[in-house]
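Enquirer: predicted coordinates and the sequence they were generated for:
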Amino acid sequence: MASAIGAAPLVMRIVASSIQIAARAGRIIRDVMAKGDLGIVEKGKDDLQTEADRSAQRCIVASLTKLFPNVTIIGEEGASDLKVPDDWIIPDVNTEFLERNSCPEALKQVKETDLVIWVDPLDGTGEYTQGFLERVTVLIGIAINDRAVGGVIHQPYFKADTGELGRTIWGVQGIGTGGFTPKRPPTDRFIVTTTRSHSNAVVQAALDALSPDDILKVGGAGYKVLQLLEGNAHAYVFASAGCKKWDTCAPEAVLEAQGGTLTDILGRHYRYGKDVPFPNACGVLGSASGISHKDILAKLPDSVKQAMNKTE
């Protein structure tokens with residue numbers, strides 16, 4: 001098996017490693033919460049960082065760097081001290097992922113220098129500090145030639161039927177998704193998920209134009225996309241510049257691997273190359289599998305699109 005793992009294409013090995021690494025980062029996040037001292041730092045207005053953010057990123061970046069030294073890794077918390085405890089370095093891969101899935105032809109020849117990995121070690125920090133723990137996710141997104149092609153979304157506080165905490169979802173372009181059971185949203189009503197705490201007049205105008213039957217206001221880009229993947233919402237609408245590339249790379253890859261779509265408010269895919277600006281200046285629009293992204297775009301008023309028509 002060791003030789004088979006070593007022979008697996010690079011993208012497959014990165015996803016298989018990221019599944020294991022994200023789960024370890026999730027345990028770190030739970031450990032920090034259990035100790036009771038979150039070590040909160042204000043990075044900016046409505047932008048918090050905790051010890052869990054910092055430690056989870058160190059675990060993820062140190063592990064990925066050791067395994068894939070020539071891959072560009074960009075984390076939300078900036079440069080990280082990679083001298084970490086030995087048990088934070090995860091050399092394992094998820095063998096089930098490698099055994100059950102074949103690499104698409106288009107991804108077989110990818111080299112380390114072609115890749116960028118975007119890391120949000122704790123997406124939904126505000127939710128974490130306020131006790132909405134089920135909304136917290138660990139995000140590891142894989143981009144090739146500017147496009148999100150693979151992603152891992154880990155929920156540290158997801159309660160499995162066995163009583164165990166934690167769930168890891170993955171998606172790869174050309175393969176599909178795993179780690180959960182996809183569901184379609186209801187056909188008799190239209191549900192939108194959007195920001196819980198970063199609304200403004202433009203965000204509200206976009207929501208009003210879509211006339212949803214219900215609005216799910218939750219924190220975290222990862223958790224919002226999970227609402228689409230699990231059939232709880234038809235669309236994710238955020239007509240604001242509030243999130244960053246590390247928020248959307250993994251969710252976009254997983255959503256699109258499942259047949260959905262994630263773009264900016266004007267219908268353009270974001271670029272995830274190593275030299276792109278971090279902010280998603282033109283908002284976020286996601287649609288679940290089977291839902292027409294084009295139809296949702298057409299309903300958004302010109303005033304909203306003009307407000308979001310910014311240079312990346």
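Expert: Perfect, thanks for sending it. It should be emphasised that the depicted structure is a prediction, and the values quoted were computed from it without experimental measurement. Numbers count the residues shown, from 1 in each chain.

Enquirer: show me the strands in the stretch 101-250 of the chain, by range?
Expert: Under the criterion DSSP state E, counting those that start in this stretch, the stretch 101-250 of the chain contains strands at 115-123, 137-144, 147-159, 165-172, 176-178, 191-194, 214-217, 235-238.

Enquirer: once you drop chain neighbours, what's closest to residue 267?
Expert: Residue nearest to residue 267 in three dimensions, not counting chain neighbours: residue 297, with 4.9 Å by Cβ to Cβ, 6 or more residues apart in numbering. Quick note: C-beta positions are derived from backbone N, CA and C, even for glycine.

Enquirer: what packs against the host helix or strand of residue 13?
Expert: Taking DSSP states H and E as the definition, one finds residue 13 inside helix 10-35. If contacts are counted by 3 or more Cβ pairs under 8 Å, 6 or more residues apart in numbering; DSSP states H and E, helix 10-35 sits against helix 51-67, helix 95-100, strand 115-123, strand 137-144, strand 147-159, strand 165-172.

Enquirer: in it, what's buried?
Expert: Using 16 or more other Cβ atoms under 10 Å as the test for burial, helix 10-35 gives 10-30, 32-33.

Enquirer: likewise stretch 190-207?
Expert: Neighbour counts using 16+ other Cβ under 10 Å place 190, 191, 192, 193, 194, 195, 196, 199, 202, 203, 206, 207 of stretch 190-207 among the buried residues.

Enquirer: now for residue 26: which residues touch it?
Expert: Residues in contact with residue 26 (Cβ atoms under 8 Å, 6 or more residues apart in numbering) are 56, 138, 154, 155, 156, 166.

Enquirer: nearest to residue 178, of those?
Expert: Among the contacts of residue 26, residue 154 lies closest to residue 178 (Cβ to Cβ), at 12.8 Å.

Enquirer: isn't the residue nearest to residue 267 right up against residue 264?
Expert: No. Using Cβ atoms under 8 Å, residue 297 is not in contact with residue 264, being 10.2 Å away.

Enquirer: looking at the two, which is more packed in?
Expert: residue 264 (23 against 16; other Cβ atoms under 10 Å).

Enquirer: which residue, other than its chain neighbours, is closest to that one?
Expert: Closest residue to residue 264 in three dimensions, ignoring its sequence neighbours and counting by Cβ to Cβ, 6+ apart: residue 282, at 3.6 Å.

Enquirer: phi, psi for residue 252 please.
Expert: Backbone torsions of residue 252, given as degrees, to the nearest 10, read phi -60, psi -50.

Enquirer: and for it, the neighbour number?
Expert: Residue 252 has 30 neighbours, counted by other Cβ under 10 Å.

Enquirer: cool, residue 231 as well?
Expert: What residue 231 shows, counting by other Cβ under 10 Å, is a neighbour count of 17.

Enquirer: just give the nearest non-adjacent residue to it, would you?
Expert: Excluding the flanking residues, the one nearest residue 231 by Cβ to Cβ, 6+ apart is residue 183, at 3.1 Å.

Enquirer: that neighbour reaches residue 233, doesn't it?
Expert: No. Assessed by Cβ under 8 Å, residue 183 is found out of contact with residue 233, at 10.9 Å.

Enquirer: which one's more surrounded, the two?
Expert: residue 233 (29 against 13).
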